[in-house]
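> curious how this folds, go ahead:
(one chain, ligands or ions: 1)
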Amino acid sequence: MFQINQHYTELQGSYLFSRIASKVRAYEAEHPEEEIIRLGIGDVTLPLAPAVIKALHAAVDEMAVKETFRGYAPDLGYEFLRAAIRDHDYKSRGADIEIDEIFISDGAKSDTGNIGDIFSASCRAAICDPVYPVYLDSNVMDGRAGSYLPETGRYSNILYMPCTEENGFIPQIPSEKADMIYLCFPNNPTGMTISKEELQKWVDYALENGSVILYDAAYEAYIRDENAVHTIYECEGADRCAIEFRSFSKNAGFTGTRLGFTVVPKKLKCGDISLNALWARRHGTKFNGTAYIIQRAGEAVYSEEGQRQTKEQVDYYMKNASLILEGLKEAGYTAYGGVNAPYIWLKTPDEMTSWEFFDSLLWKAHVVGTPGSGFGPCGEHFFRLTAFGSLEDTQRAMERIRNFSC
Ligand code: MLT
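Predicted coordinates:
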């Protein structure tokens, strides 16, 4: 008889956003007359920028002609896109990242979920609490998490790094030894960001302790603070201890189009073994490349027009973010984030649990958000709203929230 990967049975409940979607579907089935405003999952609502659409059309036309038709994309991505990434995201910030250190993929979710393939199951992973659920769940699947402890809502082998109101939602460097450290800045879900000086301390810790930092910078385009760090490779020595994940979903609206990349520097080694070579091997074996037309669309994001248009989109969402943040404060809520990130992290009133607040907001105000406890035990009594709705929906949602009593 075949055996399953037992670690999957250690996973708790369903994936957070699937659970929310099924609760909303159930509510809609019972109340088809109510119009629901969705500020739950961080999914964009603006159409792709004109420069991106133009590039997509041109690439589709190329695929219709024998001479310009393309079959399998190169495993690691087309050079035209990797060169644009190198120049715009790294060289421009003084980070010496080369084309062969950039791996094109279908998004940061897949890469942050799959990166565990190249690490031993015996590694100790340090994960923030609250956290984007993919980091934790993929470690559970890989057998790195240990057993689930219902009394704490935590796994025995994970090193949790609490991000609370008391520490300004910034994790403290662990006092125990961590092998793999997951960091995400600007942060999902709390919306906090980190300065270069603070991030340098993590890099120093990783270099001293032989740890690898898995740095998710998917929300980099939302940074407004001049001191905040855009890429971990701005820090000294990060190319010897860090892997960075990026996405085109939030800066250019590719949530449905799928495009991202991961940087694995060649200097990053475990003994003599290069992680770049391991990831290339993994990518080459299990991934058949992102579609040519999508990579051309990604290249267009870096054109002058593309940069201007996508920046306008980010600014649009950031206006929503400040509308939500200010609206919540006016309504008497304690709220964080929303300044360098498209997420607003609010405290539930009267000690309500995150799911109680979710139900109340859905049933009474017909607004969907994300319960903080879905991101980890330290997210309990918090709730996340996203700025990715339309301006009109955001305004209406805030009107409803102002007039709503739990
Ligand atoms: C979120 O809402 O946290 C994100 O949209 C999820 C994702 O990017 O996969």
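> phi, psi for the residue of the stretch 1-150 of the chain found nearest the ligand please.
The ligand sits closest to Gly42 of the stretch 1-150 of the chain, with a gap of 3.1 Å, by C-beta to the nearest ligand atom. In short, each C-beta sits where N, CA and C put it, glycine included. The phi/psi pair for Gly42 (degrees, to the nearest 10) reads phi -80, psi 70.
> what's the neighbour count on it?
Neighbourhood size, Gly42 [other C-beta atoms under 10 Å]: 23.
> elements contacting the least confident helix or strand in the chain by mean pLDDT?
Using mean pLDDT, DSSP states H and E, helix 16-30 stands out as the lowest-scoring helix or strand of the chain, at a mean of 93. Applying 3 or more C-beta pairs under 8 Å, 6 or more residues apart in numbering; DSSP states H and E, one finds that helix 16-30 makes contact with helix 354-360, strand 370-371.
> residues in contact with Asp179?
119, 123-125, 210-212 (C-beta atoms under 8 Å, 6 or more residues apart in numbering).
> give me the nearest residue to it, chain neighbours excluded.
Counting by C-beta to C-beta, 6 or more residues apart in numbering, the nearest residue to Asp179 once its immediate chain neighbours are dropped is Cys123, at 3.8 Å.
> what of Ser110?
Gly260 is the one closest to Ser110 (C-beta to C-beta, 6+ apart), at 7.4 Å.
> quick one: contacts for that neighbour?
Gly260 neighbours (C-beta under 8 Å, 6+ apart): 104-111, 218, 245-249.
> the nearest residue to Thr386 once chain neighbours are set aside and Gln307: what is the separation?
Sequence neighbours aside, Gly42 is the residue nearest to Thr386 in space, at 4.7 Å (criterion: C-beta to C-beta, 6+ apart). Noted for Gly42: a distance of 22 Å to Gln307, by C-beta to C-beta, to the nearest Å.
> same question, Cys128
Distance, Cys128 to Gln307, by C-beta to C-beta: 31 Å.
> please say which of these two ends up with more neighbours.
Cys128 (25 against 17).
> mind telling me what element that one is part of?
strand 125-129 (DSSP states H and E).
> given that strand, what are its sheet partners and their directions?
In the sheet, strand 125-129 lines up against strand 159-162 (parallel), strand 180-184 (parallel) (DSSP bridges).
> most tightly surrounded among the ones you listed?
Per residue and on average, the most neighbours among the strands paired with strand 125-129 fall to strand 180-184, with a mean of 25 (mean count of other C-beta atoms under 10 Å).
> contact partners of that strand?
Contacts of strand 180-184 (C-beta under 8 Å, 6+ apart): 112, 116, 119, 123-128, 131-132, 135, 171, 174, 194, 199, 202, 206, 211-219, 232.
> for the stretch 201-350 of the chain, which residue gets nearest to the ligand?
Checked against the ligand (C-beta to the nearest ligand atom), the nearest residue in the stretch 201-350 of the chain is Ser249, 6.0 Å away.
> now that residue: closest residue in space, sequence neighbours ignored.
Counting by C-beta to C-beta, 6+ apart, the residue nearest Ser249 is Thr255, at 4.5 Å.
> check what pLDDT that neighbour gets.
Note on Thr255: pLDDT of 97.
> where's Tyr336, which helix or strand?
Following DSSP H and E, one finds Tyr336 within strand 335-337.
> in terms of secondary structure, what does that strand contact?
Against strand 335-337 (3+ C-beta pairs under 8 Å, 6+ apart) you get helix 304-330, strand 343-347.
> quick one: Lys269 and Leu278 touch, right?
No - judged on C-beta atoms under 8 Å, Lys269 makes no contact with Leu278 at a distance of 10.0 Å.
> hmm, Asp43 and the residue nearest to Ser249 touching each other?
Yes - here Thr255 lies in contact with Asp43, judged by C-beta under 8 Å, at a distance of 5.2 Å.
> which residue of these two possesses the greater neighbour count?
Set Thr255 next to Asp43 and count neighbours by other C-beta under 10 Å: Thr255 wins out with 19 against 15.
> contact partners for the more buried one?
Taking C-beta under 8 Å, 6+ apart, one finds 43-44, 249 in contact with Thr255.
> in a markdown table: those, plus distance to Tyr343.
Formatted as a markdown table, the contacts of Thr255 follow (distance: C-beta to C-beta, whole Å):
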| residue | distance to Tyr343 |
| --- | --- |
| Asp43 | 13 |
| Val44 | 13 |
| Ser249 | 14 |
